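Novice: sequence and predicted structure, then a few things I'm wondering about:
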Amino acid sequence: MKQQELKNLLVDVAEGKVLPEQAAQRLSAMPYDDIGIAKIDGHRELRTGRAEVIYGLGKTPGQVAKIMGRLSENSSPVIATKASAEAFDETGKLLGESWRHRAVSYGETEEYLSAVGDALAARAKELFYFRDAGLLVAVGGGIPANGGAETGGSRDKAAAPYAGIDGFEGEAATLCTETKGSRGEVAILCAGTADIPIAEEAALTAGLYGCRVQRQYDVGVAGIHRLFSKVEDIKSADAVIVAAGMEGALPSVVGGLVSVPVIAVPTSVGYGVSMGGLTALFAMLSGCALGVSVVNIDNGFGAGYIASMIASQNTCHDR
């Protein structure tokens, strides 16, 4: 939608030629922005509450950068899933010096990643690439923490990780906040260490969409006592994500222990008859525990997205 088109529509509303409800309907169905390599759905956030997300696989680094650059003109955060380091580099070049660039791995600073949702409070524009999760995230300036919820006091635990990272300091580091009315809590579980990249994709996604995130990793059925010691913590969440490969048994176990929706993520971890995650997928689809839904193989982003939607509907959950 061009700026003049928007101005004309607003003038029509002001003059009473178009009802506000009619204008809202027209805005939600305005034409896309054709940039040649893609047709940008710039009004998706208006229709659904969240901006378009870029699927990184199958696109060249230059294509990812161009689409991300266009989306970032009007939306924040802008997310590319299954992105590459090359896409991160190209996007950084395109967005220019007004963006700070950072590559982060979950293994480098776990505390930093647990606070990533609070990066939405930063005044400065940021560009993140989470190597192990494959997420490329552009965050614009002036975005309130946790999607605009009322903020409470300073969250020292969350602010601390930023202070130790080059280029992220000063005011931005002190703006990390714990919110009274945040968009709920999501618990992220994974069966084994090899499942962490997919679990982390889910965790980062839920955090970027304003949810508090708790991580419970390496709690698979081969050592079920590891899960039982964390059950009470898991029960505090508004939604639970469980990533597992091999035989994919963990989601059914969790589904029988909690009273909130469980989203199962089959991972491609395994060999032989695991068939790249198909065995785990079939097992999860065949599970007997009620309240468990299943996303596609290695779709951590999809799980984090839907979990954040569920959690945001239940912000009054007793803790």
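Specialist: All right, it came through fine. Residues are numbered from 1 along each chain as shown.
Novice: in the protein, which spans are helices?
Specialist: Using DSSP state H, the helices assigned to the chain run over residues 3-14, 20-27, 44-48, 61-71, 85-95, 110-114, 156-163, 171-174, 196-208, 225-228, 231-234, 250-255, 278-285, 300-312.
Novice: quick one: the residue nearest to Leu10 when sequence neighbours are not counted from Arg47, how far?
Specialist: Closest residue in space to Leu10, ignoring its immediate chain neighbours: Ala23 at 7.7 Å, by Cβ to Cβ, 6 or more residues apart in numbering. To be clear about C-beta, it is placed using only N, CA and C from the backbone, and glycine gets the same treatment. Plainly put, Ala23 is 14 Å away from Arg47 if you go by Cβ to Cβ, to the nearest Å.
Novice: could you check which of those two has the larger neighbour count?
Specialist: Ala23 (16 against 12; other Cβ atoms under 10 Å).
Novice: wait, what's in contact with that one?
Specialist: Listed by Cβ atoms under 8 Å, 6 or more residues apart in numbering, the contact partners of Ala23 are 9-10, 12-13.
Novice: so Val53 touches Tyr209, yeah?
Specialist: No: judged on Cβ atoms under 8 Å, Val53 makes no contact with Tyr209 at a distance of 10.7 Å.
Novice: which residues do the two both contact?
Specialist: Common neighbours of Val53 and Tyr209, using Cβ under 8 Å, 6+ apart, are Tyr305.
Novice: more neighbours: these two, which one.
Specialist: It is Tyr209, of Val53 and Tyr209, that has more neighbours when counted by other Cβ under 10 Å, with 24 against 18.
Novice: report pLDDT for the closest residue in space to the more buried one that isn't next to it in sequence.
Specialist: Leaving aside its sequence neighbours, Tyr209 sits nearest to Ser308 (Cβ to Cβ, 6+ apart; 3.9 Å). We have a pLDDT of 91 for Ser308.
Novice: and Val294, by the same measure?
Specialist: pLDDT recorded at Val294 is 96.
Novice: again, but for Ala159
Specialist: 33.
Novice: do Gly181 as well
Specialist: The score at Gly181 is 39. That number is its pLDDT.
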